[in-house]
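Peer 1: build the 3D model from these lines:
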Amino acid sequence: MEISVKLQAFEGPLDLLLHLIDENKVNIYDIPIAEITDQYIDYLHRMEETDLDVMSEFLVMAATLLDIKCRMLLPREISEEGEEIDPRAELAEQLMQYKMYKYISYELKERQTDADHYFFRKPFIPDEVAAYIPPVDMDELLDDLTLLKLHGIFNEVMRRSVEKIDPIRSKFGKIEREEVSMAEKVIYIEKYIGTHSHFSFRQLLAGQCSRNQVIVTFLAVLELIKRGKLRVCQDHTFADIQIEAA
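Peer 2: Numbers count the residues shown, from 1 in each chain. Got it, this is the predicted structure:
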């Protein structure tokens, strides 16, 4: 059966094959491979495409069709399950996937076109609602954490600070550091939260360089927990206490 093929630009060999199958009104899973192959090669003869990359794709598919055409003339191969292997099966599967993606692209294009006709109003939140701050639930913030556990970690950090003292250099003298106020340390921890959304209580205290720094940091953490800006939790007994922004 001959068919008139209009020379148009196809996106690739699968696009051309799908066009021929639609024009012949045949089932993808039962392709008349001889007729389709002849029509496909006839189209290639009439192409005026000079781009070798494009032509090579169509020629590879032509070779595939000729290979399938030859295999259709031979006795069917038998699979391990005892079933006949259809030489057209792999090509039919590729065509079905291509057809599915092609129609999906049409659907997405239509949705994009329709979306251009929709306009959404900017969200409006009353000032009273925007300014509302939910009450802080201290039980939820502290979870199963107790002051006794905090005190234990604080003592351990202080002990490690003492162990870090160099026995030689510590005798050279002591340089007093400027005292840090509670407000300054609260600001420091708030900035620390900005770059460390999740960290351990031990990690925060270990970064302090003096006993006063550790004490003020410890009190500042408690203050931020009270304000509801920090949330603390502990996976199990004696585990590190984890801190995150509330």
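Peer 1: now the helices: where do they sit in the chain?
Peer 2: Assigned helices in the chain, in chain order: 13-24, 33-46, 52-73, 89-115, 127-130, 138-142, 147-163, 182-195, 201-206, 211-227 (criterion: DSSP state H).
Peer 1: low pLDDT regions in this protein?
Peer 2: Judged against pLDDT under 70, the low-scoring parts of the chain cover residues 1-9, 48-54, 138-147, 160-180, 207-209, 237-238.
Peer 1: can I see the domain layout of it?
Peer 2: 13-115, 135-245 (automatic domain parsing).
Peer 1: between the ones you listed, which one is closest to Ile125.
Peer 2: domain 135-245 (19.6 Å; Cβ to Cβ). No exception for glycine: its C-beta is placed from N, CA and C like everyone else's.
Peer 1: returning to what we had before: out of the helices of the chain, which gets nearest to Ala245?
Peer 2: Nearest to Ala245, of those and by Cβ to Cβ, is helix 182-195 at 5.0 Å.
Peer 1: then that closest one to PDB, C-alphas only?
Peer 2: What follows is helix 182-195, C-alpha atoms only, in PDB (Å, rounded to 0.1, in the frame of the first residue of the first chain):
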ATOM      1  CA  MET A 182      24.200  39.200  79.400                       C
ATOM      2  CA  ALA A 183      22.700  41.300  76.600                       C
ATOM      3  CA  GLU A 184      25.900  41.000  74.500                       C
ATOM      4  CA  LYS A 185      26.000  37.200  74.900                       C
ATOM      5  CA  VAL A 186      22.300  36.900  73.900                       C
ATOM      6  CA  ILE A 187      23.100  38.900  70.700                       C
ATOM      7  CA  TYR A 188      26.100  36.600  70.100                       C
ATOM      8  CA  ILE A 189      24.000  33.400  70.400                       C
ATOM      9  CA  GLU A 190      21.300  34.900  68.200                       C
ATOM     10  CA  LYS A 191      23.900  35.500  65.500                       C
ATOM     11  CA  TYR A 192      25.300  32.000  66.100                       C
ATOM     12  CA  ILE A 193      21.800  30.600  65.500                       C
ATOM     13  CA  GLY A 194      21.800  32.400  62.100                       C
ATOM     14  CA  THR A 195      24.700  30.300  60.900                       C
END
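Peer 1: in it, what counts as buried?
Peer 2: Lys185, Val186, Tyr188, Ile189, Ile193 (16 or more other Cβ atoms under 10 Å).
Peer 1: tell me the angle that helix makes with helix 211-227.
Peer 2: Put simply, helix 182-195 runs at 70 degrees to helix 211-227, going by axes from the mean of the first three to the mean of the last three Cα atoms, to 10 degrees.
Peer 1: what helices and strands are in contact with helix 182-195?
Peer 2: For helix 182-195, the packing partners by 3 or more Cβ pairs under 8 Å, 6 or more residues apart in numbering; DSSP states H and E come out as helix 211-227.
Peer 1: the helix it packs on - contacts with which helices or strands?
Peer 2: Helix 211-227 packs on helix 138-142, helix 147-163, helix 182-195, helix 201-206, strand 230-233, going by 3+ Cβ pairs under 8 Å, 6+ apart.
Peer 1: recalculate using a threshold of 10 Å.
Peer 2: Packing contacts for helix 211-227, counted by 3 or more Cβ pairs under 10 Å, 6 or more residues apart in numbering; DSSP states H and E, involve helix 138-142, helix 147-163, helix 182-195, helix 201-206, strand 230-233, strand 242-245.
Peer 1: got these as TSV, with distance to Ile68 columns?
Peer 2: Output for these, formatted as TSV (distance: least, Cβ to Cβ, whole Å):
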stretch	distance to Ile68
helix 138-142	68
helix 147-163	73
helix 182-195	62
helix 201-206	66
strand 230-233	64
strand 242-245	62
